[in-house]
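J.: got a structure for you, letters missing:
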């Protein structure tokens with residue numbers, strides 16, 4: 001299914017004069033992070049209509065929509081704090097997942113500066129939890145697109 005969707009988007013982009021290189025990059029991005037390769041439920045079990053309603057409800061009274069984004073990692077930390085993470089998706093070591101004090105997150109493939117900042121803010125606002133964040137690299141837009149286009 002995803003290859004059909006990618007072909008459809010690629011065709012629409014070409015019809016609007018987008019260069020072949022950018023069409024290939026868009027296809028690479030969809031292949032890299034599309035539903036077929038994601039683990040867990042990035043957007044939960046919500047329907048598209050429910051997600052759209054939630055999105056627009058969250059925009060009421062917001063001057064800058066870009067400040068509303070919060071990395072998925074923070075959602076995961078909140079779920080962990082509430083004891084709602086599925087062990088099959090997020091294995092843990094030792095102790096009970098309901099009583100977490102020290103959390104180590106290591107991301108293979110890279111993290112963003114926004115994720116680093118969000119975890120720092122999480123540590124400040126949740127003194128009972130200490131999150132240590134590590135990764136194989138820290139991405140900016142250019143480095144991420146290089147990785148995606150090389151796959």
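T.: Sure thing, it's come through. On a predicted model such as this, the values are computed, not experimentally measured, just so you know. Numbers count the residues shown, from 1 in each chain.
J.: which residues touch residue 102?
T.: Contact analysis of residue 102 by Cβ atoms under 8 Å, 6 or more residues apart in numbering lists 129, 130, 132. For glycine as for every other residue, the C-beta is placed from the backbone atoms N, C-alpha and C.
J.: beta partners for it?
T.: Assessed by DSSP bridges, residue 102 has beta-bridge partners residue 130.
J.: where does it sit relative to residue 132, distance-wise?
T.: With distances taken as Cβ to Cβ, to the nearest Å, residue 102 is found 7 Å from residue 132.
J.: now the protein, which segments are flagged as low pLDDT?
T.: 1-6, 35-48, 50-68, 93-99 (pLDDT under 70).
J.: That one: strands as residue ranges?
T.: Taking DSSP state E to define them, one finds strands in the chain at 102-107, 111-112, 130-135, 138-139.
J.: Ok, which of those comes nearest residue 17?
T.: Closest of those to residue 17 is strand 138-139, at 28.9 Å (criterion: Cβ to Cβ).
J.: helices or strands up against the closest one?
T.: strand 111-112 (3 or more Cβ pairs under 8 Å, 6 or more residues apart in numbering; DSSP states H and E).
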